[in-house]
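Attaching a predicted model along with its sequence, questions to come.
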Amino acid sequence: MEANRKIARVLAHEQNIAHYQDLLRTKLSDVEMRFIERRMSEERFAIEMLRFMSRDELPPRSRQTAV
């Protein structure tokens, strides 16, 4: 059960990254762009922490998190 919850959290972070990538394709100010890039970095870090803390429970990296 705990593994399913962790997988759901990873998927949520991946969806957030995809959303931020979509936003980066729009016209943004420099401040907005830096904010979104920082948020993407934080999301990627959260994924890596989840993967590190549960190496045996989570599937290998998806293509989205490798970007």
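Noted; the coordinates are in hand.

Touching, residue 13 and residue 49? I think so.
No - with contact defined as Cβ atoms under 8 Å, residue 13 does not count as touching residue 49 (9.9 Å). In short, each C-beta sits where N, CA and C put it, glycine included.

continuing past the helix or strand of the chain with the lowest mean pLDDT, what's the next helix or strand?
Least confident helix or strand, the chain: helix 2-24 with a mean of 93, by mean pLDDT, DSSP states H and E. Next in sequence after helix 2-24, counting helices and strands by DSSP states H and E, comes helix 30-53.

and the angle for that next one with helix 2-24?
160 degrees (axes from the mean of the first three to the mean of the last three Cα atoms, to 10 degrees).

and helix 30-53, what other elements does it pack with?
Helices and strands touching helix 30-53, by 3 or more Cβ pairs under 8 Å, 6 or more residues apart in numbering; DSSP states H and E, are helix 2-24.

For the helix it packs on, enumerate the helices and strands it packs against.
Helix 2-24 is packed against helix 30-53, with contacts defined by 3+ Cβ pairs under 8 Å, 6+ apart.

Need the CA coordinates for the helix it packs on. CSV is fine.
Extracted in CSV, the C-alpha atoms of helix 30-53 (Å, rounded to 0.1, in the frame of the first residue of the first chain):
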residue,chain,number,x,y,z
ASP,A,30,12.0,36.7,-16.9
VAL,A,31,10.7,36.6,-13.4
GLU,A,32,8.0,34.2,-14.3
MET,A,33,10.4,32.0,-16.2
ARG,A,34,12.8,31.8,-13.3
PHE,A,35,10.0,31.0,-10.9
ILE,A,36,8.8,28.1,-13.1
GLU,A,37,12.3,26.8,-13.7
ARG,A,38,12.9,26.8,-9.9
ARG,A,39,9.6,25.0,-9.3
MET,A,40,10.5,22.4,-11.9
SER,A,41,13.9,21.9,-10.2
GLU,A,42,12.1,21.5,-6.8
GLU,A,43,9.7,18.9,-8.4
ARG,A,44,12.6,16.9,-9.9
PHE,A,45,14.4,17.0,-6.5
ALA,A,46,11.3,15.7,-4.8
ILE,A,47,11.1,12.8,-7.3
GLU,A,48,14.7,12.0,-6.7
MET,A,49,14.3,12.0,-3.0
LEU,A,50,11.3,9.7,-3.2
ARG,A,51,13.2,7.4,-5.4
PHE,A,52,16.2,7.4,-3.1
MET,A,53,14.1,6.8,0.0
